[in-house]
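J.: Okay, sequence plus prediction incoming.
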Amino acid sequence: MTKLHSLVQAYVAPPGTLGAPIDSSDPSQQSIDRSSLKRELARLRQGREVAFWICFVALLTVFTLSMMYLVQHRDNPAAIAKMSTATGVTLLGVVGIMTKLWQDKIKADLVLAIVSGASEESLKDALRQLLDKL
C-alpha cells in the first residue's frame, strides 16, 4: 500500500456505506475536508518531486565520477569492466527509483486535480474507484 493510497483511503468512506442514510455522528459519512486533503496531497507531491531531483543529482554524480574513472584508467580494461558493472547496476537502480517517484507524483497531481474540480458525490465515487489503482 502506497502512501498516496493510505492518504486517499483516510478521506473516503467504506464502500458499504453507499446509499445508506447519512449519520452525522459517523465521520466516515461526513463530507470530505477538501482543504486538508489538498494540503496533504501537495505535501506528498512536493516530497516525491524533491526525492526525484535528489535521485537525479545522485545519478548525474555517479555518471560523472564513472566518466572520470574511465578517463583515468583508459589503459586498464579490467578496471573499466569492473567499474562498468558496478555503475551499471547503480544507474539502473536509481532510474527505477526515479520512475516510481515520478509515477507517484503524477498520481498525486491527478488526485489533486479531481479534488479541486469535482462535486462532493462525484469526488467520493472517483476516489473510491481510484483506490484500487493507487
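T.: Done, it's in.
J.: any low-confidence regions in this protein?
T.: By pLDDT under 70, the weakly predicted segments of the chain are 1, 13-30.
J.: let's see it at 80
T.: Applying pLDDT under 80 to the chain picks out residues 1, 13-31, 134.
J.: Any idea how far the longest helix along it is from the middle of the chain?
T.: Longest helix in the chain, counting residues (DSSP state H): helix 77-117. Computed by C-alpha atoms, centre = their mean, to the nearest Å, the chain-centroid distance of helix 77-117 equals 11 Å.
J.: now for the helix or strand following that helix, which elements pack on it?
T.: Later in the chain than helix 77-117, the nearest helix or strand by DSSP states H and E is helix 120-131. Contact analysis of helix 120-131 by 3 or more C-beta pairs under 8 Å, 6 or more residues apart in numbering; DSSP states H and E lists helix 3-11, helix 77-117 as its packing neighbours. From N, CA and C alone the C-beta is placed, and that goes for glycine too.
J.: Could you say which of these is packed most deeply?
T.: helix 3-11 (a mean of 16; mean count of other C-beta atoms under 10 Å).
J.: and the angle from that helix to helix 77-117?
T.: For helix 3-11 against helix 77-117, the angle by axes from the mean of the first three to the mean of the last three C-alpha atoms, to 10 degrees is 20 degrees.
J.: residues of the very next helix or strand once past helix 3-11 that come out buried?
T.: Reading on from helix 3-11 to the C-terminus, the next helix or strand found by DSSP H and E is helix 34-72. Applying a neighbour-count criterion of 16 or more other C-beta atoms under 10 Å, one finds 37, 40-41, 44-45, 48-49, 51-52, 55, 59, 66, 69 buried in helix 34-72.
J.: Go through those residues and name the one nearest Lys105.
T.: Arg48 (4.1 Å; C-beta to C-beta).
J.: for the longest helix of the chain, packing partners?
T.: With 3+ C-beta pairs under 8 Å, 6+ apart as the test, helix 77-117 has helix 3-11, helix 34-72, helix 120-131 packed against it.
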